[in-house]
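[1] Sequence and predicted structure, then a few things I'm wondering about:
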There are 2 protein chains.
Amino acid sequence: MIAQGTTALSKILDIDPQTGLIAGEAALRRTLSSMKGMFHNADAYRSMMEDRGDVRIYDFYDLGIPAKPTELAVGSSIVHPGRVGDEYFMTKGHFHEVLDAAEVYYCIAGQGCMLMESPEGDWEIREFLPGRAVYVPGRYAHRSINTSPDRPLITFFAFRGDAGHDYGTIEKKGFRKLVVEKDGKPAVVDNPNWR
Amino acid sequence: MIAQGTTALSKILDIDPQTGLIAGEAALRRTLSSMKGMFHNADAYRSMMEDRGDVRIYDFYDLGIPAKPTELAVGSSIVHPGRVGDEYFMTKGHFHEVLDAAEVYYCIAGQGCMLMESPEGDWEIREFLPGRAVYVPGRYAHRSINTSPDRPLITFFAFRGDAGHDYGTIEKKGFRKLVVEKDGKPAVVDNPNWR
């Protein structure tokens, strides 16, 4: 049965379970150069840029759904596997401009975690596993982190259409915590560069 | 790495990909008797009730997330396989009390479709496949329908926390369209009982 009807107001998103990419839509790509200063080890960052070039760190989608409180911004997020020094590949992370607006991420594939932090410095980490949804409370900045050595972390996200993104605060201050590889497994440590 | 942090405001939902059930949460169960009058063939309904009893039609979750515009109501929906006469098992379907509020469903497993209808009688149908999200526009009542002969239709849903459910309109009037099995495959037909 194919799509039918008198209107075409609904949308479909076909998310490839292997790659996380959405058929027919253009992904927004974040490469190493766009995250300068966000990984704690500046030497490792420089070495990676010299050795491997401007590698892709993560992809996500903005499908242009109207920024209205009755709509939902939805899409997929793909964090590629890798590390800068001991620090796992991750998203920039953001607060919402509507600070109180919650967001939900359903993990389609991969492994990793969601790092969350409030303006007051409260923080939480939740593990991502396939089939698990993580509900990010309002007021918490959030960053997806891929702890797999070789597979992408693929999530489906939804939040209120007008919530917006505040990337600047995290770009300037960082998160208070980092997730790094230590003795071969993920560990949470204080961010030495937090300000 | 386990959950860590100074607060416990985030939530996790572990959705079993085989059953759609959420670990540690109580599903809301909708059985045949709770859908009296909603399937178009009253004789087939009576026969099924006599022969098979009050079978389960679908399950879903209300996780008690506060009904606030900054929160998201999230959970899974499981429509079991089966038919009442020629009409596939389905959810009751609902408008949102906040009529304009959109909703998104990500299909985890199974096959089926989303039937949508506006108060003015515009309608749409979109197919569900694993990995596909269907974005239900504001103002459209929506019903999930399982067209598989033997597997559950499992979706993950999200909508604005205060959107609420208006079941009454559909319970009284029905949808203008039905999805029935015809020549061994799903077909869209007019609802003879629509009023």
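    Arrived safely, thanks for sending. This one's a predicted model, so the numbers in the text were calculated from it and none came from an experiment.
[2] my read: residue A:156 touches residue A:14, true?
    No - applying C-beta atoms under 8 Å, one finds residue A:156 not in contact with residue A:14, separated by 11.7 Å. Yep, even glycine has a C-beta here, placed from its N, CA and C like the rest.
[3] OK, contacts around the closest residue to residue A:166 other than its chain neighbours?
    With C-beta to C-beta, 6 or more residues apart in numbering or on different chains as the measure, residue A:95 is the residue that lies nearest to residue A:166, at 4.2 Å, once sequence neighbours are left out. Contact partners of residue A:95, counting by C-beta atoms under 8 Å, 6 or more residues apart in numbering or on different chains, are A:119, A:139, A:140, A:141, A:165, A:166, A:169, A:170.
[4] would you turn the residues you listed into TSV with pLDDT?
    Below are those laid out as TSV (pLDDT from 0 to 100):
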residue	pLDDT
A:119	96
A:139	97
A:140	98
A:141	98
A:165	95
A:166	96
A:169	94
A:170	94
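[5] Of those residues, which pair is most distant in space?
    A:119 and A:165 (15.5 Å; C-beta to C-beta).
[6] residues contacting residue A:143?
    Residue A:143 neighbours (C-beta under 8 Å, 6+ apart): A:90, A:91, A:92, A:93, A:114, A:115, A:116, A:170, A:175.
[7] Now go through the residues you listed and say which are in strands.
    Members of the contacts of residue A:143 lying in strands (criterion: DSSP state E): A:114, A:115, A:116.
[8] ok, of these, which one's closest to chain B?
    Lowest distance from chain B to these (C-beta to the nearest C-beta) belongs to residue A:116, with 6.0 Å.
[9] Tell me what the closest one is bridged to.
    Beta bridges link residue A:116 to residue A:124, residue A:142 when assigned by DSSP bridges.
[10] For residue A:151, which non-adjacent residue is spatially closest?
    Nearest one to residue A:151, counting by C-beta to C-beta, 6+ apart, is residue A:110 at 5.1 Å.
[11] Tabulate the CA atom coordinates of the longest helix along chain A in CSV.
    Secondary structure of chain A per DSSP state H: the longest helix is helix A:42-52. The C-alpha trace of helix A:42-52 is given here as CSV (Å, rounded to 0.1, in the frame of the first residue of the first chain):
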residue,chain,number,x,y,z
ALA,A,42,44.9,20.3,21.7
ASP,A,43,48.1,18.4,20.7
ALA,A,44,46.0,15.3,19.8
TYR,A,45,43.7,17.5,17.9
ARG,A,46,46.6,19.0,15.8
SER,A,47,48.1,15.6,15.2
MET,A,48,44.8,14.2,14.0
MET,A,49,44.3,17.2,11.7
GLU,A,50,47.8,16.7,10.2
ASP,A,51,47.6,12.9,9.9
ARG,A,52,44.0,12.3,8.9
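[12] and it, what does it pack onto?
    strand A:83-84 (3 or more C-beta pairs under 8 Å, 6 or more residues apart in numbering or on different chains; DSSP states H and E).
[13] Can you name the next helix or strand after the strand it packs on?
    Following strand A:83-84 in sequence order, the next helix or strand is strand A:87-88 (DSSP states H and E).
[14] Can you tell me how far the residue sitting furthest away from the middle of chain A is from chain B?
    No residue in chain A has its C-alpha farther from the mean C-alpha position than residue A:6, which lies at 36.6 Å (C-alpha atoms, centre = their mean). Distance, residue A:6 to chain B, using C-beta to the nearest C-beta, to the nearest Å: 5 Å.
[15] right, and that residue touches residue B:123 too?
    Yes - counting by C-beta under 8 Å, residue B:123 is a contact partner of residue A:6 at 5.8 Å.
[16] Next one: the closest residue to residue A:159 other than its chain neighbours, what pLDDT does it get?
    Spatial nearest neighbour of residue A:159, chain neighbours left out: residue A:103 (3.9 Å); criterion: C-beta to C-beta, 6+ apart. Note for residue A:103: predicted pLDDT of 98.
[17] For the ones in strands among the contacts of residue A:143, pick the one with the most neighbours.
    residue A:114 (28 neighbours; other C-beta atoms under 10 Å in any protein chain shown).
[18] and the helix or strand of chain A with the lowest mean pLDDT, how far out from the chain's middle?
    Least confident element among the helices and strands of chain A, by mean pLDDT, DSSP states H and E: strand A:4-5 (a mean of 90). How far strand A:4-5 lies from its chain's middle: 35 Å, per C-alpha atoms, centre = their mean, to the nearest Å.
[19] List the strands paired with it, with their directions.
    strand B:123-128 (antiparallel).
[20] what's in contact with the strand it pairs with?
    A:1-10, A:12, B:105, B:107, B:110-117, B:134, B:140, B:144, B:153, B:155, B:175-177, B:179, B:188.
[21] go on, stretch A:44-59?
    For stretch A:44-59, using C-beta under 8 Å, 6+ apart, the contacting residues are A:20-21, A:27-36, A:39, A:77-80, A:82, A:84-87, A:89-91, A:144.
[22] gap between the two ends of stretch A:165-179?
    Stretch A:165-179 has an end-to-end distance of 22 Å (C-alpha to C-alpha, to the nearest Å).
[23] which of the residues in it are buried?
    A:170, A:174, A:175, A:177, A:178, A:179 (16 or more other C-beta atoms under 10 Å in any protein chain shown).
[24] Now tabulate those in a markdown table and tack on distance to residue B:127.
    Below are the buried residues of stretch A:165-179 laid out as a markdown table (distance: C-beta to C-beta, whole Å):
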| residue | distance to residue B:127 |
| --- | --- |
| A:170 | 39 |
| A:174 | 44 |
| A:175 | 41 |
| A:177 | 43 |
| A:178 | 43 |
| A:179 | 39 |
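[25] Touching, residue A:62 and residue A:74? I think so.
    No - taking contacts as C-beta under 8 Å, residue A:62 lies outside contact range of residue A:74: 10.1 Å.
[26] More neighbours: these two, which one.
    More crowded of residue A:62 and residue A:74, by other C-beta under 10 Å: residue A:74, with 23 against 12.
[27] residue contacts, that one?
    By C-beta under 8 Å, 6+ apart, the neighbours of residue A:74 are A:13, A:63, A:65, A:156, A:157, A:158, B:104, B:133, B:135, B:158.
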